[in-house]
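[1] Below are the sequence and a predicted model for it; my questions follow.
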Amino acid sequence: MTIYDFLVSLLSGTAASMGIGGGFILLLYLTVIKGIPQFPAQGVNLLFFIPIAVLSLIFHVKNKLVVTKPLLPALLCGAAGVGIGVFLLRFVPEQTVSRLFGVLVMFVGVNELFHKSKNENKCS
């Protein structure tokens with residue numbers, strides 16, 4: 001592990017725990033800088049964020065920031081979506097997945113640049 005690996009892991013974990021796209025950071029680093037193929041990089045990305053998600057959930061529950069009513073349906077739909085996605089990805093070439101991910105990253109970036117949140121806090 002290099003110092004760059006450590007720094008990217010720290011930054012992406014911190015960003016992920018705040019909900020600001022740490023997965024994008026880590027996945028781009030693994031595929032573009034480290035040269036890891038898309039599918040294994042996605043697996044590493046998912047495994048990396050399990051402990052981050054658990055810690056974030058603990059802190060958010062402690063600070064009363066978690067709405068529990070939609071939690072079970074969201075977990076069930078998320079698990080079903082992952083299962084369906086993993087099954088379908090067996091039929092899609094890796095290069096296509098990489099390109100689709102690139103389009104997603106560009107879409108999210110443009111969306112973040114040009115669209116203001118309706119719930120944005122205003123300082124007075």
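    Arrived safely. These numbers come from a predicted model, not from an experiment.
[2] alpha carbons only for contacts and neighbour counts from here, please
    Fine.
[3] what comes up buried for the helix ranked longest in the chain?
    Looking only at the chain and at elements set by DSSP state H, the helix with the highest residue count is helix 38-62. Neighbour-count burial for helix 38-62 flags 38, 41-42, 45, 48-49, 52-53, 56 (criterion: 16 or more other CA atoms under 10 Å).
[4] what would those look like in JSON lines with distance to S98 and pLDDT?
    Output for the buried residues of helix 38-62, formatted as JSON lines (distance: CA to CA, whole Å; pLDDT from 0 to 100):
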{"residue": "Q38", "distance to S98": "6", "pLDDT": "83"}
{"residue": "A41", "distance to S98": "11", "pLDDT": "88"}
{"residue": "Q42", "distance to S98": "10", "pLDDT": "84"}
{"residue": "N45", "distance to S98": "14", "pLDDT": "85"}
{"residue": "F48", "distance to S98": "19", "pLDDT": "82"}
{"residue": "F49", "distance to S98": "20", "pLDDT": "79"}
{"residue": "I52", "distance to S98": "24", "pLDDT": "79"}
{"residue": "A53", "distance to S98": "24", "pLDDT": "79"}
{"residue": "S56", "distance to S98": "28", "pLDDT": "80"}
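[5] I'd like those residues as TSV, with distance to L100 appended.
    Supplementary listing: the buried residues of helix 38-62 in TSV, determined by distance: CA to CA, whole Å:
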residue	distance to L100
Q38	11
A41	15
Q42	13
N45	17
F48	22
F49	21
I52	25
A53	25
S56	28
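[6] Tell me which residue lies nearest the centroid of the chain.
    G23 (3.4 Å; CA atoms, centre = their mean).
[7] what's whichever strand or helix holds that residue in contact with?
    Counting by DSSP states H and E, the element that carries G23 is helix 22-28. The set of residues that contact helix 22-28 without belonging to it, under CA atoms under 8 Å, 6 or more residues apart in numbering, is 8-9, 11-16, 41-42, 45, 49, 105.
[8] before we move on, back to that, look up how far L72 lies from the residue nearest to the centre of the chain.
    Remark: distance between G23 and L72 (CA to CA, to the nearest Å) = 23 Å.
[9] Also V8?
    With CA to CA as the criterion, V8 and L72 are 32 Å apart.
[10] which of those two has more neighbours?
    Neighbours per residue (other CA atoms under 10 Å) separate V8 from L72, with V8 holding more: 16 against 10.
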